[in-house]
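Student: here's a sequence, model it:
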Amino acid sequence: MAHDYAIESLLRPAVELYTVYVCAAGAFLCVFAPWAFALTPLFGIVTSAGFLALGLVRLKQAWQVLRYRRNIRRLPHYTMTSKEVPVSNQRLFIGLGFRWQQRHTQRLMDTYLPKYSSYVEATTLFRAARRFEERAEFAPYPVRLLARATSWDVPINPVRPLPPVGGLPRLHGIEPYEENVSLPLGERVGHSIVLGTTRVGKTRLAELFITQDIRRKKHGQHEVVIVFDPKGDADLLKRMYL
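Tutor: Here you go, the predicted model:
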């Protein structure tokens, strides 16, 4: 099992599923053909319960591997409306995250090893779909319709494109169990600097902070929030107004 050793091995086939299949077959035979194991019908039911218990344990372990492999390539969909943003008079909500520990360093380094590239890099089918969409931009109508289908952002699409948020999914995917991260409001007395290239979420982070500042109340009254935006971002202005 992956969590029984100092060095994890999560980028691998989910071999725990083999045990799940065997346990499911054993439970089926114990109930419907107990004579195959030289059991009476009553003991067959009891034995099938044991098979099912072991199968559930191994299924949970397999799900951990499958979920980790999925998150390395694509993070779960995460959205939040302005009304859903947590507001506190003591803390500032930053987003989802986790405390970086030694195991996360090991997991991240594993993703850069050539032997694990098949679990990390985009599949051949995914890359082919993206090339097809580029070439089909000015194609006739039926072909454009197929390109629109491959670019459909729904879970049932096997070549679903990545969300336009940039970055590397592996940086968050190495920890499947993220939690809300917040900062004490007392730490905001100083200046904060957010570094990043174009379209990586700097303005979205500002919107998150400004939304909390606008909605926060002190002694039952809202405080005045003044924002200087040299860029004149219309989306930021609209978010502040709404």
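
Student: got the phi and psi for Glu179?
Tutor: With angles defined as degrees, to the nearest 10, Glu179 shows backbone torsions of phi -140, psi 170.

Student: what's the distance between it and Thr47?
Tutor: Distance of Glu179 to Thr47, given as CB to CB, to the nearest Å: 40 Å. From N, CA and C alone the C-beta is placed, and that goes for glycine too.

Student: pick out whichever of the two has more residues nearby.
Tutor: With neighbours defined as other CB atoms under 10 Å, Glu179 and Thr47 compare such that Thr47 has more, 18 against 10.

Student: isn't that one up against Phe37?
Tutor: Yes. Applying CB atoms under 8 Å as the test, Thr47 and Phe37 come out as touching, 7.0 Å apart.

Student: can you pull the residues that touch both of those two?
Tutor: Cys30 (CB atoms under 8 Å, 6 or more residues apart in numbering).

Student: sec struct for Ser192, please.
Tutor: For Ser192, the assignment made with DSSP: H, G, I helix; E, B strand; the rest coil gives coil.

Student: how many neighbouring residues does it have?
Tutor: 9.

Student: cool, Glu16 as well?
Tutor: Other residues lying near Glu16 total 20 when counted by other CB under 10 Å.

Student: who touches it in this structure?
Tutor: Met1, Arg58, Leu59, Gln61, Ala62, Val65.

Student: mind checking pLDDT for the last one?
Tutor: In this model, Val65 is scored at 95, pLDDT.

Student: surely Lys217 meets Asn89?
Tutor: Yes. The pair Lys217 and Asn89 qualifies as a contact (CB under 8 Å) at a distance of 7.5 Å.

Student: ok, now how distant is the residue nearest to Arg215 when sequence neighbours are not counted from Leu11?
Tutor: Distances taken as CB to CB, 6 or more residues apart in numbering put Val87 closest to Arg215, at 4.8 Å, once the chain neighbours are dropped. Noted for Val87: a distance of 39 Å to Leu11, by CB to CB.

Student: ok, now Thr123?
Tutor: From Thr123 over to Leu11 the distance is 15 Å, taken as CB to CB.

Student: neighbour-wise, which of the two wins?
Tutor: Ranked by neighbour count (other CB under 10 Å), Thr123 and Leu11 place Leu11 first, with 20 against 12.

Student: give the contact list for the more buried one.
Tutor: Tyr68, Arg69, Ile72, Asp110, Thr111, Tyr116, Tyr119, Val120.

Student: pLDDT value on it, please?
Tutor: If you check Leu11, the pLDDT there is 94.

Student: quick one: the helices in the protein, in order.
Tutor: With DSSP state H, the ranges of helices along the chain come out as 16-32, 41-73, 102-111, 117-120, 124-135, 141-150, 169-173, 202-215, 234-241.
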